[in-house]
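[1] Model the structure of this input:
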Amino acid sequence: MTLHIDVTLDYRFDAPTDCLLQISAAPMADQRILSEELDLGGLVTRTNRAEDEVGTRLWCRPEERLTCRYRADVEILRSTSDIATLSGHAPAELPEDVVKYLLPSRYCPSDKFLAFVAQEFGRFSGGEKIAAMRDFVFENVAYTPGVSNSETSALETFVQRQGVCRDFAHLLITLARAGTIPARFASTYGLNVTPPDFHAVAEVWLDGAWRLVDPTRMTIPFDNARICVGRDATDVAFLTSYGPAELVTQSVRVDAS
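    Below you'll find the predicted structure:
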């Protein structure tokens, strides 16, 4: 399947402002960039590799306006294995670069969920545990736009039982880490996301590889093109402005063929 991505961002600034963008789909073994075009209206840019070398961070310095258009065709190559059938790993067996995703982070205080996870999911292991956690989040958290913000953590989502894709992902990541399964946050372009926007899912380390899991059930792994990954939303914001910014318009469209 090929995903067709079309993004428009338009922001206004009062003064020259450094901005960090993460909006380009990442070339990876399970997703191939067939074509892409990024237009920043002539702004000079500088690039850095993003977390775990998945995707690209793009620096620019708009003076008054940032008008960005990104278009891409991405072929999705990954399999659709039932996650419940995949095996887990003992912590000491994990690759060096995966171990950090067992640890608590700003929005994923997994150390506060140890007793709950042991009681609720202790009878499961590996992918079966992740499937149970995914279903728990979907069944116990209502998808409700506007009730959370950039400061909302997984603990608050667990208490309030409502949020958006970012909150669903943070909670699943937190539960997984508390259950000694490495988990990270993935920013994606997802098919059939409602309302259309950048999407957030979890990735868990099972059977020797990272596996996408969407606790909102809006998408399946085959429906997503990764943009970037990280410990939580801190690492993957599509736009970070180091000064005041006013949103003029934003649109994200994902189709498939």
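
[2] wait, doesn't L175 sit right on V117?
    Yes: counting by C-beta atoms under 8 Å, V117 is a contact partner of L175 at 5.7 Å. Bear in mind the C-beta positions are built from the backbone N, C-alpha and C, glycine included.

[3] mind checking how far V193 is from A132?
    Distance from V193 to A132, counting by C-beta to C-beta, to the nearest Å: 24 Å.

[4] Have a look at the two and say which one is more surrounded.
    The neighbour count for V193 versus A132, taken as other C-beta atoms under 10 Å, is higher for V193 (21 against 16).

[5] mind listing the strands for the stretch 1-150 of the chain?
    2-12, 19-21, 31-39, 45-49, 56-60, 65-76, 142-143 (DSSP state E, counting those that start in this stretch).

[6] Give me the sheet partners of the first one and which way each runs.
    Think strand 2-12. Within its sheet, and counting by DSSP bridges, strand 2-12 is paired with strand 65-76 (antiparallel), strand 246-256 (antiparallel).

[7] re the thing from before, and among the strands of the stretch 1-150 of the chain, the most buried is which?
    For the strands of the stretch 1-150 of the chain, the largest average neighbour count (mean count of other C-beta atoms under 10 Å) is found in strand 19-21, namely a mean of 21.

[8] Which strands or helices does that one pack on?
    Secondary-structure packing of strand 19-21 (3 or more C-beta pairs under 8 Å, 6 or more residues apart in numbering; DSSP states H and E): strand 56-60, strand 239-241.

[9] Can you name every helix or strand that the last one contacts?
    Contact analysis of strand 239-241 by 3+ C-beta pairs under 8 Å, 6+ apart lists strand 2-12, strand 19-21 as its packing neighbours.

[10] closest to T45 out of those?
    Closest of these to T45 is strand 19-21, at 8.4 Å (criterion: C-beta to C-beta).

[11] who does the closest one pair up with?
    strand 56-60 (antiparallel), strand 239-241 (antiparallel).

[12] how about the ones you listed in a markdown table, adding mean pLDDT and distance to M28?
    Below are the strands paired with strand 19-21 laid out as a markdown table (pLDDT from 0 to 100; distance: least, C-beta to C-beta, whole Å):
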| stretch | mean pLDDT | distance to M28 |
| --- | --- | --- |
| strand 56-60 | 95 | 12 |
| strand 239-241 | 95 | 22 |
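
[13] if we compare the helices and strands packed on strand 19-21, which one ends up closest to P221?
    Evaluated over the helices and strands packed on strand 19-21, closeness to P221 peaks at strand 56-60, with 22.0 Å, by C-beta to C-beta.

[14] would you put the C-alpha positions of that closest one in CSV?
    In CSV, the C-alpha atoms belonging to strand 56-60 read as follows (Å, rounded to 0.1, in the frame of the first residue of the first chain):
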residue,chain,number,x,y,z
THR,A,56,15.0,14.4,10.4
ARG,A,57,14.9,17.5,12.5
LEU,A,58,14.8,20.7,10.4
TRP,A,59,15.9,24.1,11.7
CYS,A,60,14.7,27.3,10.1
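
[15] rewinding a little: distance to L212 added to the helices and strands packed on strand 19-21, as TSV?
    Formatted as TSV, the helices and strands packed on strand 19-21 follow (distance: least, C-beta to C-beta, whole Å):
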stretch	distance to L212
strand 56-60	20
strand 239-241	23
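
[16] so which of these gets nearest L21?
    strand 56-60 (4.4 Å).

[17] For the stretch 51-200 of the chain, which residues score under the pLDDT cut-off?
    The model of the stretch 51-200 of the chain has no residue with pLDDT under 70.

[18] any idea how far S257 is from the closest residue to A72 other than its chain neighbours?
    Counting by C-beta to C-beta, 6 or more residues apart in numbering, A72 lies nearest to E36, which is 3.8 Å off, once chain neighbours are set aside. As judged by C-beta to C-beta, E36 and S257 stand 16 Å apart.
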